[in-house]
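1. let me see the structure of the following:
(chains A and B)
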Amino acid sequence: FMLTQPHSVSESPGKTVTISCTRSSGSITRNYVQWCQQRPGSSPTTIIYEDRQRPSGVPDRFSGSIDSSSNSASLTISGLKTEDEADYYCQSYDNGRGVFGGGTKLTVL
Amino acid sequence: QVQLVESGGGVVQPGRSLRLSCTPSGFTFSSFALHWVRQAPGKGLEWVAVISYDGTKNYYADSVKGRFTISRDNSNNTLHLQMNSLRIEDTAVYYCARDPSSGWAGRVILAFWGQGTPVTVSS
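-> Sure thing, here's the model as predicted:
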C-alpha cells in the first residue's frame, strides 16, 4: 500500500494547520500511524506514534488523529511557530515492513 | 537518554560492499527491535529493514532484499547492516531507529533515531 501526503502546506504563525496522510489500500486502522518531523539538515524525530501518542518532550500543540471514513490519518499543529517549519512524514507498516508517505513541506510565513 | 550512533558510511564503487554499524546507549539493547531507514539526497524517507530484539526475525524492503543483511550482536550491543552488490540508487544517509516498546510485535514504529551515516555509491 502507499501513503499519500500533500507535497506542501503553508500557514501563518499562531494559526493551526492539518496535514493529511491517506492509505491507498487496506484500512488505516489496520496498523498504527506515526508522524516524524525533519528540520533542514537534521535527522528525523518522531512527534506522534501509535496514531496519537506524543513522545516525552513533544508539546501538546502536536496531535494525531485517524479518520476511518476517509481512510486517512492527520497531523494537526496548533499555535504555529516559525520553528515548526520542516518536512513531516507519516509512516505505517504491514506484514512487518514499513511504509513512509512522501513527506509534506510545512512553511510558516 | 536513548542515543543511537551510526558509523561505517563512506564512498564505495557500484557492486562493492559496505558494513554499517549502530551503537546504542541509554537502554537495554537486547530488549528492543531495531530498524534501518535511509534517505537519498533531496528525497524522502525509505524504510530498509528491521530485526527483532533477539535477532531471530527480520524483514526487508523489496529494494534491498537479497543484497542487504541486518544483524545484531546483543553481547556487544551493536546493530549492523551488511550491504552487498551496492547500486548507485543505494546512495543515501542511513539511520538506525528503535521501537518505543520492548519485545516483538511485528510492528514498524520508530520512536528514536540516530544522526545517520552517509553512503555514496559512485564509480
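
2. what parts of chain A come near chain B?
-> Within chain A, the residues that sit near chain B (CB under 8 Å from any CB of the partner chain) are A:31-32, A:34, A:36, A:38, A:43-46, A:49-50, A:55, A:87, A:89, A:91-93, A:95-103. Every C-beta, even on glycine, is put in place using the N, C-alpha and C of the backbone.

3. mind running it again at 6 Å?
-> A:34, A:43-44, A:46, A:49, A:89, A:93, A:96-98, A:100, A:102-103 (CB under 6 Å from any CB of the partner chain).

4. which of those residues has the most neighbours?
-> Greatest neighbour count in the residues of chain A next to chain B, by other CB atoms under 10 Å in any protein chain shown, goes to A:Gln34: 29 neighbours.

5. right, and it touches A:Tyr49 too?
-> Yes - the criterion here is CB atoms under 6 Å, and A:Gln34 meets it with A:Tyr49 at 4.7 Å.

6. how about A:Tyr88: what's its closest non-neighbour residue?
-> A:Thr104 (4.9 Å; CB to CB, 6 or more residues apart in numbering or on different chains).

7. then B:Leu79?
-> Going by CB to CB, 6+ apart, B:Leu79 has B:Cys22 as its nearest residue, at 4.0 Å.

8. quick check: bridge partners of that neighbour?
-> The partner list for B:Cys22 in beta bridges (DSSP bridges) reads B:Glu6, B:Leu79.

9. is it true that it touches B:Asn77?
-> No - the criterion here is CB under 6 Å, and B:Cys22 misses it with B:Asn77 at 9.7 Å.

10. looking at the two, which is more packed in?
-> More crowded of B:Cys22 and B:Asn77, by other CB under 10 Å: B:Cys22, with 26 against 15.

11. which residue ranges of the chain form strands?
-> Went with chain A since none was named. A:3-4, A:8-11, A:17-23, A:34-38, A:45-48, A:62-67, A:72-77, A:86-94, A:97-100, A:104-108 (DSSP state E).

12. look at chain B instead
-> B:3-7, B:10-12, B:18-25, B:34-39, B:45-51, B:58-60, B:68-73, B:78-83, B:92-98, B:112-113, B:117-121.

13. give me the pLDDT for residue 68.
-> Unless you meant another one, I'm taking chain A. pLDDT for A:Ser68: 96.

14. hmm, no, I was thinking of chain B.
-> 98.

15. just give me the neighbour total for the nearest residue to it once chain neighbours are set aside.
-> Once flanking residues are discounted, B:Phe68 sits nearest to B:Met83: 5.2 Å by CB to CB, 6+ apart. Residue neighbour count, defined by other CB under 10 Å, stands at 24 for B:Met83.

16. and what of A:Thr82?
-> 9.
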